[in-house]
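Asker: Fold the following.
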Amino acid sequence: MPGDNQNLLAEQRRALILEELRERGGVRVNELTRKLLVSDMTVRRDLDVLSRRGALEKVHGGAVPLADASTHEPGFEAKSSLERSAKEEIARAAAAMAKPGSAIALSGGTTTYALAQHLTEVPDLTVVTNSVRVADVFHAASRRAGNGTHAGTATVVLTGGVRTPSDSLVGPVADAAIRTLHFDVLFLGVHGISTEAGLSTPNLAEAETNRHFVGSARRVVVVADHTKWGTVGLSSFASLEDVGTLVTDGGLPQGARERIREHIRELVVAGGPEEAAPDGRAADGA
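Answerer: Numbers count the residues shown, from 1 in each chain. Predicted coordinates for the structure are as follows:
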C-alpha cells in the first residue's frame, strides 16, 4: 500500500475527489489510492468527511453523487459549519474590494455573512441585501457604533420578500426592489459554479432574485469556497462571463483554476498569489 502523499493537504485531496466524482459519476477507493498516492485508510477518512458534509454518498468500495444534489438546499446553520476557515479567508480578501462611500449589494449565504462582518469596518457604505442574517450583522454594528465602540457605519436596505431555508428573501417583492437599484459592486454567494452551468442554486425563486442582482451591478464579485466548484443546482442564473472576479480558497485544484481563467477575468485565491487574467496580464487589483 503506498505511503501518504504529504504534498497534498487534506482539503486539496477532498477537492480532487469531488472533481473526480463529478467527472466520472462515481469513485472507487482503490482507484483513488493510486491517483492520489495515499493509503486506503486516508481515502476512506476523506470519504467519511465528505459524506458528513453532504457532498457525496458512500457506497461499498467507493462513493457516488447525492441523488438530490441539484434540489437540496441546506439551512443556514447547517451550511455555516462547513469550510469555516476558507470562508473567513475569502471574506478578508473580498472586503478589500469595497471602497468607502460606495453602494454595494450582498446576496444571501454563509460566505457573504462572513464577509459582512468585515465590511462593518468600511465607512459610509450603502448596503443592499436580501439576507436577514447579513442585515443583522450591520444592525448590530450600528448599535455598537452608537455606543462609540465601533468605527464603521452603513445604510442598509433590506429587500423584503419570502424567506428561504437559507434566510434569504426572494420572490416578486425582492425582485422589484432590486430592479430599481444600481450597485458599484455585488458580492454574490453561490450554491454551485461550473463551466457548463455557470452560477446555480437549487431554489428557483432565489435564482430569479440573483439574476436581478447581477443585472443591477457594475461589478460582480463571486465569493465561493472550493467545494462549490463542479456543483450544479437546479437553476442557473448567470454565466461565468458575467463574473468580474471570483474569490476562492487554496483548496481549488489547479485544473479548475485553469478552466476558470478561460472565462473569468480575475481569480483571487485567498491566502495565495493572484492569478493571471486570461489575456496573460496580471489580474487587476481591487
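
Asker: Following the chain past the lowest-mean-pLDDT helix or strand in the chain, name the next helix or strand.
Answerer: Using mean pLDDT, DSSP states H and E, helix 76-80 stands out as the lowest-scoring helix or strand of the chain, at a mean of 59. Following helix 76-80 in sequence order, the next helix or strand is helix 84-95 (DSSP states H and E).

Asker: Quick one: mean pLDDT for stretch 85-99?
Answerer: Throughout stretch 85-99, pLDDT has a mean value of 96.

Asker: Buried residues in that stretch, which are they?
Answerer: 86, 87, 88, 89, 90, 91, 93, 94, 95, 97, 98 (16 or more other CB atoms under 10 Å). In this view, the C-beta of every residue, glycine as well, is placed from N, C-alpha and C.

Asker: closest to residue 230 among those?
Answerer: residue 86 (15.7 Å; CB to CB).

Asker: quick one, what contacts that closest one?
Answerer: With contact set as CB atoms under 8 Å, 6 or more residues apart in numbering, residue 86 has these partners: 11, 225, 226, 249, 251, 270.

Asker: change it to 7 Å
Answerer: For residue 86, the contacting residues are 225, 226, 249, 251, by CB atoms under 7 Å, 6 or more residues apart in numbering.

Asker: Kindly report the same for residue 9.
Answerer: Applying CB under 7 Å, 6+ apart, no residues qualify as near residue 9.

Asker: let's have the chain start at 56 instead
Answerer: Taking 56 as the first residue, the last one we looked at is residue 64.

Asker: Now residue 237: closest residue in space, sequence neighbours ignored.
Answerer: Closest residue to residue 237 apart from its sequence neighbours, by CB to CB, 6 or more residues apart in numbering: residue 271 at 5.7 Å.

Asker: what's the burial count for the one you found?
Answerer: 17 (other CB atoms under 10 Å).

Asker: Low-confidence regions, the chain specifically.
Answerer: 56-63, 122-137, 201-207, 327-341 (pLDDT under 70).
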